[in-house]
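Student: Here is my input, please return the structure:
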Amino acid sequence: MDADTRVCGMDPDSEYVELAVEVFGMLADATRVRIILALRHSGEMSVNHLADVVGKSSAAVSQHLAKLRLARMVTTRQDGTRIFYGLADEHASDLVSDAIKQAEHSVSNGSLPRHHHAKLEEKP
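Tutor: Just a heads-up that it's a prediction; the model follows:
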């Protein structure tokens with residue numbers, strides 16, 4: 001019954017606020033954002049394939065993947081001698097997607113950003 005007295009994760013006083021700041025810090029890197037976007041579109045990828053997609057060296061991508069793995073944003077799957085990386089869940093992808101949408105607003109100069117056009121086209 002103490003569920004009524006616990007602080008909600010979305011409350012400003014939540015213990016999760018500081019952890020959320022760490023998540024934003026983890027995503028405050030263009031290469032990591034590109035990795036999340038690439039994995040969002042492709043599912044699983046090897047380090048070399050990701051390096052090609054994001055335009056960085058395999059060593060650099062590997063270091064970023066290690067950080068994302070420690071943050072539990074990506075997971076690995078081994079197939080023989082190859083390791084494939086994928087998103088652990090949809091949350092990092094959603095954060096990056098929302099950040100891209102917010103960025104579109106900041107450069108739209110008062111016009112409707114592209115992501116709003118897609119919503120208008122979906123309506124009957």
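Student: C-alpha from now on. contacts and neighbour counts both.
Tutor: Noted.
Student: list the buried ones in the longest helix that the chain contains?
Tutor: Longest helix of the chain, by residue count under DSSP state H: helix 91-106. By neighbour count on 16 or more other C-alpha atoms under 10 Å, the buried set for helix 91-106 is A92, S93, L95, V96, S97, E104, H105.
Student: cool, and stretch 41-53?
Tutor: E44, M45, S46, V47, L50, A51.
Student: where exactly do the strands run in the chain?
Tutor: For the chain, strands defined by DSSP state E occupy the ranges 45-46, 74-79, 82-87.
Student: partners of the shortest one in the sheet?
Tutor: In this case it means strand 45-46. Applying DSSP bridges, strand 45-46 is found paired with strand 82-87 (antiparallel).
Student: The strand it pairs with vs strand 74-79, what angle?
Tutor: 150 degrees (axes from the mean of the first three to the mean of the last three C-alpha atoms, to 10 degrees).
Student: Need the residues that contact strand 82-87.
Tutor: With C-alpha atoms under 8 Å, 6 or more residues apart in numbering as the test, strand 82-87 has contacts from 36, 39-40, 43-47, 73-78, 93.
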